[in-house]
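Enquirer: Using only what follows, build the 3D model:
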Amino acid sequence: MTSPCTVQGKTAWPELLGQNVDKAVSIIQKENPTLRPFVLNISEDVPDPVDCTRVLVFINDDNQVALVPIVR
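Expert: Residues are numbered from 1 along each chain as shown. Below you'll find the model as predicted:
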């Protein structure tokens, strides 16, 4: 999944795959404080509409990041 947004700073965090959700959210907020992490379970759909201030963080049942967090 690629981001349809044009945002200043970092917009994807592939290095967070498998990390604990709390740690991942903290890193995202530190690296781009203009964005809001939005945590969803891997079984949930991508919410509409696109929000270029939101980072989708999909997690598994063990609270680990399951997909690359991305602005969307």
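Enquirer: just checking, P4 touches D48?
Expert: No: counting by C-beta atoms under 8 Å, P4 does not reach D48; the two are 11.9 Å apart. Where you see a C-beta, it was placed from the backbone N, CA and C, and this is true even at glycine.
Enquirer: Between the two, which is the more surrounded one?
Expert: Shown here are P4 and D48; by other C-beta atoms under 10 Å, P4 has more neighbours (10 against 6).
Enquirer: Please identify which helix or strand holds the more buried one.
Expert: For P4, there is no enclosing helix or strand under DSSP states H and E.
Enquirer: Could you pull up the contacting residues of it?
Expert: The contact partners of P4, by C-beta atoms under 8 Å, 6 or more residues apart in numbering, come to V50, R72.
Enquirer: Going forward, count from 24.
Expert: All right, first residue 24 from here; so that's P27.
Enquirer: Distance of it relative to L79?
Expert: Going from P27 to L79 by C-beta to C-beta, to the nearest Å gives 12 Å.
Enquirer: what is in contact with those two at once?
Expert: Common neighbours of P27 and L79, using C-beta under 8 Å, 6+ apart, are R95.
Enquirer: and the helix or strand in which K46 is found, which residues are buried?
Expert: Here K46, judged by DSSP H and E, is contained in helix 44-54. For helix 44-54, burial by neighbour count (16 or more other C-beta atoms under 10 Å) applies to V44, A47, V48, I50, I51.
Enquirer: and the residue nearest to E54 when sequence neighbours are not counted, how many residues sit next to it?
Expert: Closest residue to E54 apart from its sequence neighbours, by C-beta to C-beta, 6 or more residues apart in numbering: K33 at 5.1 Å. Residues lying near K33 (other C-beta under 10 Å) number 14.
Enquirer: is it true that K33 lies in a helix?
Expert: No: K33 is assigned coil when assessed by DSSP: H, G, I helix; E, B strand; the rest coil, not a helix.
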